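Engineer: just to be clear, the model below is a prediction. Sequence and coordinates:
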Amino acid sequence: KKKKKKKKKKKKKQSGKKTKAGSGNSSDDNDDEESDHDDGKGDSHAADSVTEKNDEKTKGQESPSSKIGKKKSSEEEAQEGGSKSEEKAKDDNQKQLKKKKGVQFAEEEDEDTNRLTEQTIKFLSKGKYRVPKWARLPTHRRAIFEVRKADEVVDVVPLGNSPSIIFGRQKDLVDVQLAHPSISRQHAAVVHDKHGRIQLIDLKSGHGVRVNRKRIKPNYPKRLREFDVVTFGGSSRSYECQYRSSEGKGSRSGAKDDDSDDESLHFSNDDDDDEELRRKRKQQRREKEKVRCSHLLVKHRDSRRPSSWRQQKITISEEEAVEKVMEFRGRILKSGYKMAEAFAELATKYSDCSSARAGGDLGFFTRKKMQKPFEDASFALQIGELSQAVRTESGVHIILRTG
């Protein structure tokens, strides 16, 4: 029994020890768990500190892609700033130019004192014709049209009295009336422009307007220079433009010329120079003139070559040749309106010139192509007019102008 009791006591002691050891172990385990928990907290704090440090590092050290993006954005901002500055500069320049233009325009308006008012434009406009807006008061007050007929001055038309002058047939619609049947009601107009030049306008006339024998475009201004010759329709009269400038009034020193190939409106003030120019122009016109004539020639023994297709040797005197020519002239005049046919018949039979085969027709010729007496007589005739007896070195002629 005692042994059993001792065994029980030992067992109790051992069980007590075990419980104590178990409680100690549990506390240790709890301590271990707390320590593990604290260690986890420390690890988490450490991790947080590491991440914070990494974030600070990443903040301090940016990636190359972010650097490139920032560079691009900075370049774009610089470009935008440059474009904005350029736009501002352009706007400033445009404002300055507008101001300058406004000043220039105001100065031009102040200088342009020759501008026409609406009332004057309405007053000068007649019928369908309206005075153009660029018309101005004339600066060439002495300008004229010198009217010629057969190289003789028959009339003078002043051009410096009005900004616009209308030429035509109908009296109540024009300023200068023209009587030729080929002239339209309102044929043409002479207008002074803002540059001090004289312009000619064809008002859609039926038979046109010619300057120096060249027809101009209708409703299109044509500048008239000094000594230009104008013809209206089929009229035989020519109108020579003359500025007649004196003391520098012929041109405006400050006027601008729109056409680069146009000469300035400055003309010589010396009367001698003007006369020489007129002589040259007149000589040029005379050289360019052409006429068409038929002639009948009767040779005599004192002719330059006293032979022809009719006779190998001619023996009649000069007086006899003149009598024959005058007899032929009388026969031609008696034929009346058939004068050209009668002339051709007599020339083919009795003319001693080789042109007898063509009825005496010589065709068109200019000056200095015939002998001087023959030339003077031919150019002095009107179309359809028959001459008197004309003596030359070739013989005695009668001449009929046909063109």
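Structural biologist: Structure's in. What do you need?

Engineer: please name the residues that touch the nearest residue to Arg401 once chain neighbours are set aside.
Structural biologist: In space, not counting the residues next to it along the chain, Arg401 is nearest to Leu381; the distance is 4.0 Å by CB to CB, 6 or more residues apart in numbering. (Each C-beta comes from the backbone N, C-alpha and C, glycine too.) Counting by CB atoms under 8 Å, 6 or more residues apart in numbering, Leu381 makes contact with Val291, Cys293, Ser387, Ile399, Arg401.

Engineer: low-confidence regions, this structure specifically.
Structural biologist: Segments of the chain classed as low confidence (criterion: pLDDT under 70) are 16-88, 90, 94-112, 245-275, 286-287.

Engineer: residue boundaries of the helices in it?
Structural biologist: Taking DSSP state H as the criterion, the chain contains helices spanning 2-60, 64-111, 118-124, 271-288, 318-334, 339-350, 372-380.

Engineer: and the contacts of the third one?
Structural biologist: It stands for helix 118-124. When contacts are defined by CB under 8 Å, 6+ apart, helix 118-124 is touched by residues Leu116, Arg130, Val131, Lys133, Ala135, Ser162, Pro163, Ser164.

Engineer: one more time with 6 Å
Structural biologist: Outside helix 118-124, the residues that touch it by CB atoms under 6 Å, 6 or more residues apart in numbering are Val131, Ser164.

Engineer: bridging residues for the nearest residue in space to Pro158 that is not next to it in sequence?
Structural biologist: On the basis of CB to CB, 6+ apart, the spatially nearest residue to Pro158 that is not a chain neighbour turns out to be Ile144, at 5.5 Å. The residues listed as beta-bridge partners of Ile144 by DSSP bridges are Pro158, Gln242.

Engineer: again, but for the one 5 residues further on
Structural biologist: According to DSSP bridges, the residues that bridge with Lys149 are Glu152.

Engineer: how near is it to Gly403?
Structural biologist: Distance, Lys149 to Gly403, using CB to CB, to the nearest Å: 18 Å.

Engineer: pretty sure the residue nearest to Pro158 is touching Asn161, no?
Structural biologist: No: between Ile144 and Asn161 there is no contact, the gap being 10.1 Å when judged by CB atoms under 6 Å.

Engineer: and those two? which has more neighbours close in?
Structural biologist: The residue with the greater number of neighbours, taking Ile144 and Asn161 and applying other CB atoms under 10 Å, is Ile144; the counts read 17 against 11.

Engineer: tell me the contacts of that one?
Structural biologist: By CB under 6 Å, 6+ apart, the neighbours of Ile144 are Val156, Pro158, Leu159, Gln242.

Engineer: could you pull up the contacting residues of the third one?
Structural biologist: Looking back up the chat, that one is Leu159. Taking CB under 6 Å, 6+ apart as the definition of contact, the neighbours of Leu159 are Ala143, Ile144, Val190.

Engineer: possible to save those residues as JSON lines with distance to Lys368?
Structural biologist: Below are the contacts of Leu159 laid out as JSON lines (distance: CB to CB, whole Å):
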{"residue": "Ala143", "distance to Lys368": "34"}
{"residue": "Ile144", "distance to Lys368": "31"}
{"residue": "Val190", "distance to Lys368": "35"}
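
Engineer: could you single out the nearest of these to Ser125?
Structural biologist: The closest of these to Ser125 turns out to be Val190 (CB to CB; 14.6 Å).

Engineer: and the spatially closest residue to that closest one that is not a sequence neighbour, how far is that from Ala358?
Structural biologist: Nearest residue to Val190, sequence neighbours excluded (CB to CB, 6+ apart): Ile165, at 4.6 Å. Taken as CB to CB, the spacing of Ile165 relative to Ala358 amounts to 47 Å.

Engineer: tell me which of the two has more neighbours.
Structural biologist: Taking other CB under 10 Å, Ile165 and Ala358 do not tie; Ile165 has more neighbours (22 against 14).

Engineer: distance check, the more buried one against Gln199.
Structural biologist: Ile165 sits at a distance of 11 Å from Gln199 (criterion: CB to CB).

Engineer: repeat that for Lys12.
Structural biologist: Using CB to CB, Lys12 is found at 148 Å from Gln199.

Engineer: ditto for Asp361
Structural biologist: Computed with CB to CB, the distance linking Asp361 and Gln199 is 43 Å.

Engineer: equivalent analysis for Cys241, please.
Structural biologist: From Cys241 over to Gln199 (counting by CB to CB), the distance is 11 Å.

Engineer: go on, Arg304?
Structural biologist: When distances are taken as CB to CB, Arg304 and Gln199 turn out to be 54 Å apart.

Engineer: before we move on, what about Pro163?
Structural biologist: Counting by CB to CB, the gap from Pro163 to Gln199 is 11 Å.
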